[in-house]
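*Asks:* Here is the input, now give the coordinates:
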Amino acid sequence: MRTKFDKQLATLNEEMIHMGSLMEQSIEMAISALVKQDIEKAKKTILFADEIERKEKELQNMCFQILLSQQPVAGDLRLISSAMKMITDMKRIGDHAGDIAEISIQLAGQEYIKKLEHLTKMAKETTVMVINSIDAFVRKDIVLAGEVIRSDDIVDELFINVKDELIHLIHEDPANGEQATDLLMIAKYFERIGDHAVNIAEKVIFAITGKQYEATDFATDLG
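*Replies:* The predicted structure is shown next:
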């Protein structure tokens, strides 16, 4: 029975990696559509969110099948239940990439009021966080999970930079207000993607240790 469970878990790990790859592509497509003002790519990103949602349902069903077909001990049960919660966060990341793409379509015909370097940095940082959070689960790596949690400070700082810049632009010219609001919303979606990656990392720590850690706890306790 244990051999069967290990095989099922290996398959789940592979599918989690696949879903992580889909999220990575989704974020990259969303920021590319924004920067290049590419409406077609933005539309593909929105459709990609649907594919991620289908993958979420597939993985949730896989977890249920493992639970129903096996008699997991406490550690195994904790691992699978954590995976199920992680999958929900992964789906939300795909949703936010789709949200960014929808705003990109609205902005496609406009000249940007500011350079997008901070938004592109947010996309890069959150992509790394997402990939590492999934890798931490597959490799059962608490240290890597901790790196994800700490990286959230970088994303938060970038969000503050974007917000401050946009507020300054609105003060300079109130006509910038509408686009500034859209760009701030995009930054907020990237911040939320980072938050979901942190959620995943925290669930990895719980799956491995059986202890509930918040981001602030991790820095002082396990760090």
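*Asks:* helices and strands around the host helix or strand of Lys188, which ones?
*Replies:* Counting by DSSP states H and E, the element that carries Lys188 is helix 177-209. Under the contact criterion of 3 or more Cβ pairs under 8 Å, 6 or more residues apart in numbering; DSSP states H and E, helix 177-209 touches helix 74-107, helix 117-139, helix 142-172, helix 215-221. C-beta here means a position set from N, CA and C on the backbone, and glycine is covered the same way.
*Asks:* how about low-confidence regions in the protein?
*Replies:* Residues of the chain meeting the criterion pLDDT under 70: 1-2, 72, 213-223.
*Asks:* mind listing what's buried in the host helix or strand of Glu24?
*Replies:* Under the criterion of DSSP H and E, Glu24 resides in helix 2-36. Buried positions in helix 2-36, judged by neighbour count with 16 or more other Cβ atoms under 10 Å: 5, 8-9, 12-13, 15-16, 19-20, 22-35.
*Asks:* now it: how far from the chain's centre is it?
*Replies:* 11 Å (Cα atoms, centre = their mean, to the nearest Å).
*Asks:* ditto for stretch 33-51
*Replies:* For stretch 33-51, the distance to the chain centre is 17 Å (Cα atoms, centre = their mean).
*Asks:* change the start of the numbering to 27 and stick with it
*Replies:* That works, and once the first residue is 27, the last one we named lands at stretch 59-77.
*Asks:* Could I have the CA atoms of it written out in PDB?
*Replies:* C-alpha atoms of stretch 59-77 as PDB (Å, rounded to 0.1, in the frame of the first residue of the first chain):
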ATOM      1  CA  ALA A  59       0.900  42.100 -22.800                       C
ATOM      2  CA  LEU A  60       1.100  45.100 -20.600                       C
ATOM      3  CA  VAL A  61       4.500  46.300 -21.600                       C
ATOM      4  CA  LYS A  62       4.000  45.700 -25.400                       C
ATOM      5  CA  GLN A  63       0.300  46.700 -25.300                       C
ATOM      6  CA  ASP A  64      -0.500  43.500 -27.000                       C
ATOM      7  CA  ILE A  65      -4.200  42.900 -27.000                       C
ATOM      8  CA  GLU A  66      -4.000  39.400 -28.500                       C
ATOM      9  CA  LYS A  67      -1.500  38.200 -25.900                       C
ATOM     10  CA  ALA A  68      -3.700  39.700 -23.100                       C
ATOM     11  CA  LYS A  69      -6.700  37.800 -24.400                       C
ATOM     12  CA  LYS A  70      -4.600  34.600 -24.500                       C
ATOM     13  CA  THR A  71      -3.600  35.300 -20.800                       C
ATOM     14  CA  ILE A  72      -7.300  35.500 -19.900                       C
ATOM     15  CA  LEU A  73      -8.000  32.200 -21.600                       C
ATOM     16  CA  PHE A  74      -4.900  30.700 -19.900                       C
ATOM     17  CA  ALA A  75      -6.600  31.500 -16.500                       C
ATOM     18  CA  ASP A  76      -9.400  29.100 -17.600                       C
ATOM     19  CA  GLU A  77      -6.800  26.400 -18.300                       C
END
